[in-house]
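Student: sequence and computational prediction follow.
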Amino acid sequence: MNAIRLQIPAHADYIDMVRICLFGIASKMNYAYEEMEDMKVAVSEACNNAVIHGEFRETSNVIDISFEPKDSGLTIKVKNNGVSTFVGEALEKASPLPDVDVSGLRVGGLGIYLMQALMDEVEVNASESGTEVVLTKYLDAAAEH
Amino acid sequence: MKAEQFQVVQEETLDQFILHVSGELDLSMVPQLRMALEPVMNRTDKALILNLKQLKYIDSTGIGIIVSVLKLRDELKAPFFVREIPPSVKRLFDLTGISRYLIEGTEAQA
């Protein structure tokens, strides 16, 4: 398999490296500019989750990112080691801001929703060894625009 | 792609604080934006304005901060405007639903 792998320390300072790498791969695959922007945000959100949930662990940890280009599109896997609070339930509950009064707005929780809104497929695999977020954007979607 | 350094430049006029936000606003830059907001977000004597003209990137962490400022300014009954939103940023504001809470406020109005 022609996967391109990147490993970063699980710290916010390195997430821009993931975006830069993604931009290179997506450019080579001829994605439209807007789609690359969408993927950048979605992948950053997956990394944000890994960093934020990783903060509470004592051991130093890393995030493994695997970019898997195929004819049909690009799949990006973001995996962190350790138990996650980021589960299937969160995927189902993810939604944009509700139409309420400003005072009733919640501050967090938009990350998962954005991943779903910006990618064609979002999958979360949680196991004892860690959490893996699998994001896919199809190339055909580019032709439709 | 050139990753542009995140930066906040503050401008003060007679009746407003304007924060010009530029570059990439991601999780790593959240503390920097909070620090810039800290001294001005509670000031009810002046309007608070975020100018996003040079903002190249934002995600849920940056949007979360804007939501928290919206709530605070609403509570304080103090004016808060977000100006010159670039199209790529506007798209995310629309998707998350924050757009309907934002008042753009032109130079003339403010």
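Tutor: Nice, thanks for sending it over.

Student: all strands for the chain, in order.
Tutor: All of this is about chain A. Along chain A, the stretches classed as strands by DSSP state E are A:4-9, A:62-69, A:73-81, A:121-127, A:130-138.

Student: chain B was what I was after
Tutor: B:7-12, B:16-25, B:47-58, B:80-83.

Student: if we can go back for a sec, pick out the shakiest of the strands of chain A, pLDDT-wise.
Tutor: Mean pLDDT is lowest for strand A:121-127 among these, at a mean of 89.

Student: that one close to chain B?
Tutor: No: using C-beta under 8 Å from any C-beta of the partner chain, strand A:121-127 stays clear of chain B, with a minimum separation of 14.0 Å. Where C-beta positions appear, they are placed from N, C-alpha and C, glycine not excepted.

Student: buried ones in that strand?
Tutor: Within strand A:121-127, the residues scored as buried using 16 or more other C-beta atoms under 10 Å in any protein chain shown are A:122, A:124.

Student: show me what that strand pairs with in its sheet, parallel or antiparallel.
Tutor: strand A:130-138 (antiparallel) (DSSP bridges).

Student: make TSV from the strands of chain B and add mean pLDDT and mean neighbour count to it.
Tutor: Listed next are those as TSV, based on pLDDT from 0 to 100; neighbours: other C-beta atoms under 10 Å in any protein chain shown:
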stretch	mean pLDDT	mean neighbour count
strand B:7-12	96	13
strand B:16-25	97	20
strand B:47-58	97	20
strand B:80-83	96	21
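
Student: redo these as JSON lines? Include distance to residue A:68.
Tutor: Formatted as JSON lines, the strands of chain B follow (distance: least, C-beta to C-beta, whole Å):
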{"stretch": "strand B:7-12", "distance to residue A:68": "35"}
{"stretch": "strand B:16-25", "distance to residue A:68": "25"}
{"stretch": "strand B:47-58", "distance to residue A:68": "24"}
{"stretch": "strand B:80-83", "distance to residue A:68": "37"}
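
Student: in TSV, list the ones you listed along with distance to chain A.
Tutor: Listed next are these as TSV, based on distance: least, C-beta to the nearest C-beta, whole Å:
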stretch	distance to chain A
strand B:7-12	14
strand B:16-25	6
strand B:47-58	7
strand B:80-83	10
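
Student: figure out which of those is closest to residue A:126.
Tutor: strand B:47-58 (27.7 Å; C-beta to C-beta).

Student: what helices or strands is the closest one leaning on?
Tutor: Using 3 or more C-beta pairs under 8 Å, 6 or more residues apart in numbering or on different chains; DSSP states H and E, the elements in contact with strand B:47-58 are strand B:16-25, helix B:60-76, strand B:80-83, helix B:87-96.

Student: before we move on, back to that, with distance to residue A:23 added, can I get the strands of chain A in a markdown table?
Tutor: A markdown table is the format used below for those (distance: least, C-beta to C-beta, whole Å):
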| stretch | distance to residue A:23 |
| --- | --- |
| strand A:4-9 | 12 |
| strand A:62-69 | 11 |
| strand A:73-81 | 12 |
| strand A:121-127 | 20 |
| strand A:130-138 | 13 |
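
Student: residue contacts, residue B:26?
Tutor: Counting by C-beta atoms under 8 Å, 6 or more residues apart in numbering or on different chains, residue B:26 makes contact with A:12, A:15, A:16, A:44, A:48, B:6, B:57, B:58, B:59, B:61, B:62.

Student: one more: residue A:1?
Tutor: residue A:68.

Student: any idea how far residue A:67 is from it?
Tutor: Noted for residue A:1: a distance of 11 Å to residue A:67, by C-beta to C-beta, to the nearest Å.

Student: go on, residue A:125?
Tutor: 17 Å.

Student: what parts of chain B come near chain A?
Tutor: Counting by C-beta under 8 Å from any C-beta, the residues of chain B that sit close to chain A are B:1, B:3, B:24, B:26-28, B:30, B:57, B:59-61, B:63-64, B:67-68, B:70-71, B:74-75, B:88, B:91-92, B:95-98, B:100-101.
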